[in-house]
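Trainee: Provided below for reference: sequence and predicted model.
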Amino acid sequence: MSKVIRNGTIVTADLTYKADVLIENGVITEIGQGLKGGEELDATGCYVMPGGIDPHTHLEMPFMGTYSSDDFESGTRAGLAGGTTMVVDFALPNPGESLLDALKRWDNKSTRANCDYSFHMAVTWWGEQVFDDIKTVIQERGINTFKHFMAYKGALMVNDDELYASFQRLAELGGIAMVHAENGDVVAELSAKLLAQGNTGPEAHAYSRPPQVEGEATNRAIMIADMAGVPLYVVHTSCEDSHEAIRRARMQGKRVWGEPLIQHLTLDESEYFNKDWDHAARRVMSPPFRNKQHQDSLWAGLQSGSLSVVATDHCAFTTEQKRTGVGDFTKIPNGTGGLEDRMPMLWTHGVETGRLTPNEFVAVTSTNIAKILNCYPKKGAVLVGADADLVVWDPEKRKTISADTQQSSIDYNVFEGHEVKGLPRFTLTRGHVAVHDGEIRCQEGHGKFVAREANTTVNKALSTWKELTAPRPVERTGIPATGV
Ligand SMILES: NC(=O)NCCC(=O)O
Ligand SMILES: [Zn+2]
Ligand SMILES: [Zn+2]
């Protein structure tokens, strides 16, 4: 049955106007005045926006001896409740495992998704197999983004030679490199020293990962990407040190994007000094929360365009899982939740405060990442022919965030007690109304994989420039004879 969203104001990354939206077979088929459809959704007083895309989640992720607790069912349900209609998760090969085998595991997990999803591929080791698999992953599996961990020494971390080899391969095949930018060697040394000095609590997690280690790794990744000629996406940019590197690179014309998280934008390091061990440990993630100056830098980056996307890095562990690290902060599983809260928190602290316009909100929660990932305008747009992944956003609707009412399966929420203003009235995933005025009507398994082709316009521009400016031998006349 067709649906029509009536009486709303459409807000996209660049336009704001009043119109109705007709949806047939999960796709937007008409935008205009006075439209009629089988089912009518009243958007009076609301903004009709592209559904959010969260490009950074870890659902049912094997990590630090356990699995993150939200899976593709509860995670995507949480996303939809907060206006997010697509997630991009990271497929992680074990050391020595082929990328394609890892992808099979992620294919199996994702069958329960309530909304559309895609994958980034992680490069966690390097060898001939990975070199070969990258081609298959890009050309046959529709995945064009590859994440590299510069941290988690002895587990997921790759070294500079591996980064360079992988980045070169991606440049050749039209992929995009992603990095978790922290100097893993220094973090390992600092962690051991802190433990030896008796710093065993969750606050030591923050001491072991100061902004400098993130800034250094970001600069290094930018340099390696530039040498390899590949576009670079820096995940969870948390501080000025890293932002400064990204800002400078962009001003130099390099193709680099930065992704702050809603947690880093709205929560700060004081959380780690809470006397309650559980409170502090629940907020342990990498990079850790920073001080207010770093937060201001991230907001300024979103305002000025030097940072492009707001994500969550949703990787939710229960209190019981966090308690594995009692007595040794290095054993606290790293990760926090946020899928349900990203859009309302960003609206409340961004749009309601005047830091962001509604159009900028759409850009950083949906449209920019759809363009970077190469799934625009199927996703991230309110256009005829686009998927009807939409959120009807009520700017007057309020709630207090609480674990008691959340969709996530964990037993707490890092935003507990925060008041938000601006929430979905309806969330539609390919035309299906998954959230109806506060009621959750998800359909398990409704989500489909979104394939993304390589060689985006940015890849093409960069390779053209690199070819034009490549080192060439100077043609000379009168070369002196050798061996005289
Ligand atoms: N961020 C975090 O602490 N956990 C998830 C894995 C990662 O992205 O580093
Ligand atoms: Zn990371
Ligand atoms: Zn992550």
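Mentor: Arrived safely. Ligands and ions are numbered 1, 2, ... in the order given.
Trainee: residue boundaries of the helices in the stretch 151-300 of the chain?
Mentor: Listed in chain order, the helices of the stretch 151-300 of the chain (DSSP state H, counting those that start in this stretch) span 160-173, 184-196, 203-207, 211-228, 240-251, 262-266, 277-282, 292-304.
Trainee: looking at those helices, which is buried most?
Mentor: helix 262-266 (a mean of 24; mean count of other Cβ atoms under 10 Å). In short, each C-beta sits where N, CA and C put it, glycine included.
Trainee: neighbouring contacts of the helix or strand where Met49 lies?
Mentor: Taking DSSP states H and E as the definition, Met49 sits inside strand 47-50. For strand 47-50, the surrounding residues in contact (Cβ atoms under 8 Å, 6 or more residues apart in numbering) are 5, 8-12, 21, 83, 358, 361-362, 366-367, 370, 379-382, 386, 389-393, 395.
Trainee: what strands line up against that strand, and which way round?
Mentor: With DSSP bridges as the test, strand 47-50 is paired with strand 9-11 (parallel), strand 390-400 (antiparallel).
Trainee: around ligand 1, which positions in the protein sit nearby?
Mentor: His58, His180, Met285, Ser286, Asp313, Cys315, Asn334, Gly335 (Cβ under 6 Å from any ligand atom).
Trainee: just put the residues you listed in JSON lines and tack on neighbour count.
Mentor: Below are the residues of the chain next to ligand 1 laid out as JSON lines (neighbours: other Cβ atoms under 10 Å):
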{"residue": "His58", "neighbour count": "21"}
{"residue": "His180", "neighbour count": "24"}
{"residue": "Met285", "neighbour count": "26"}
{"residue": "Ser286", "neighbour count": "21"}
{"residue": "Asp313", "neighbour count": "28"}
{"residue": "Cys315", "neighbour count": "24"}
{"residue": "Asn334", "neighbour count": "23"}
{"residue": "Gly335", "neighbour count": "23"}
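Trainee: what would those look like in a markdown table with distance to Leu265?
Mentor: Shown next, in a markdown table, are the residues of the chain next to ligand 1 (distance: Cβ to Cβ, whole Å):
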| residue | distance to Leu265 |
| --- | --- |
| His58 | 19 |
| His180 | 18 |
| Met285 | 14 |
| Ser286 | 16 |
| Asp313 | 12 |
| Cys315 | 17 |
| Asn334 | 19 |
| Gly335 | 17 |
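Trainee: name the SS class of the residue of the stretch 351-484 of the chain found nearest ligand 1, please.
Mentor: Using Cβ to the nearest ligand atom, Val414 is the residue of the stretch 351-484 of the chain that sits closest to ligand 1, at 12.0 Å. What DSSP: H, G, I helix; E, B strand; the rest coil gives for Val414 is coil.
Trainee: quick one: low-confidence parts of the chain?
Mentor: Applying pLDDT under 70 to the chain flags residues 484.
Trainee: now with 90, please.
Mentor: Scanning the chain for pLDDT under 90 picks out 1, 438, 478-479, 481-484.
Trainee: beta partners for the closest residue to Glu39 other than its chain neighbours?
Mentor: Of all residues not flanking Glu39 in the chain, Lys3 sits nearest, at 4.6 Å (Cβ to Cβ, 6 or more residues apart in numbering). Under DSSP bridges, the beta-bridge partners of Lys3 are Ile23, Glu39.
Trainee: re earlier: the residue of the stretch 351-484 of the chain closest to ligand 1 and Gly335: what is the separation?
Mentor: The gap separating Val414 from Gly335 is 10 Å, by Cβ to Cβ, to the nearest Å.
Trainee: quick revisit: between the strands paired with strand 47-50, which one is nearest to Tyr164?
Mentor: Tyr164 lies closest, by Cβ to Cβ, to one member of the strands paired with strand 47-50: strand 390-400, at 40.7 Å.
Trainee: just after the closest one, pick out the following helix or strand.
Mentor: Going down the chain from strand 390-400, the next helix or strand is strand 419-429, by DSSP H and E.
Trainee: centre of the chain versus stretch 387-398, how much separation?
Mentor: Between the centre of stretch 387-398 and the centre of its chain there are 20 Å (Cα atoms, centre = their mean, to the nearest Å).
Trainee: please convert the buried members of the contacts of strand 47-50 into PyMOL selection syntax.
Mentor: To isolate in PyMOL the members of the contacts of strand 47-50 that are buried, counting by 16 or more other Cβ atoms under 10 Å, one can use:
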select buried, resi 5+8+9+10+11+12+21+83+358+361+362+366+367+370+379+380+381+382+386+389+390+391+392+393
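Trainee: going by residue numbers, what spans are helices in the stretch 301-450 of the chain?
Mentor: Using DSSP H, counting those that start in this stretch, the helices of the stretch 301-450 of the chain run over residues 319-322, 342-346, 358-362, 368-373.
Trainee: for the residue of the stretch 351-484 of the chain closest to ligand 1, what are its contacts?
Mentor: Shown in contact with Val414 (Cβ under 8 Å, 6+ apart): Gln263, Leu267, Glu271, Arg282, Arg283, Thr336, Gly337, Gly338.
Trainee: nearest spatial neighbour of the last one, chain-adjacent residues omitted?
Mentor: I take that to be Gly338. Nearest residue to Gly338, sequence neighbours excluded (Cβ to Cβ, 6+ apart): Thr312, at 3.6 Å.
Trainee: burial count for the one you found?
Mentor: Thr312 has 30 neighbours, counted by other Cβ atoms under 10 Å.
Trainee: I'd say it and Ile53 touch.
Mentor: No: the pair Thr312 / Ile53 is not scored as a contact, 11.1 Å apart, by Cβ atoms under 8 Å.
Trainee: coming back round to it: relative to Leu383, how far out is the residue nearest to Glu39?
Mentor: Lys3 is 17 Å from Leu383, by Cβ to Cβ.
Trainee: compare these two (neighbour count), which wins?
Mentor: Lys3 (22 against 13).
Trainee: thanks a lot, catch you later.
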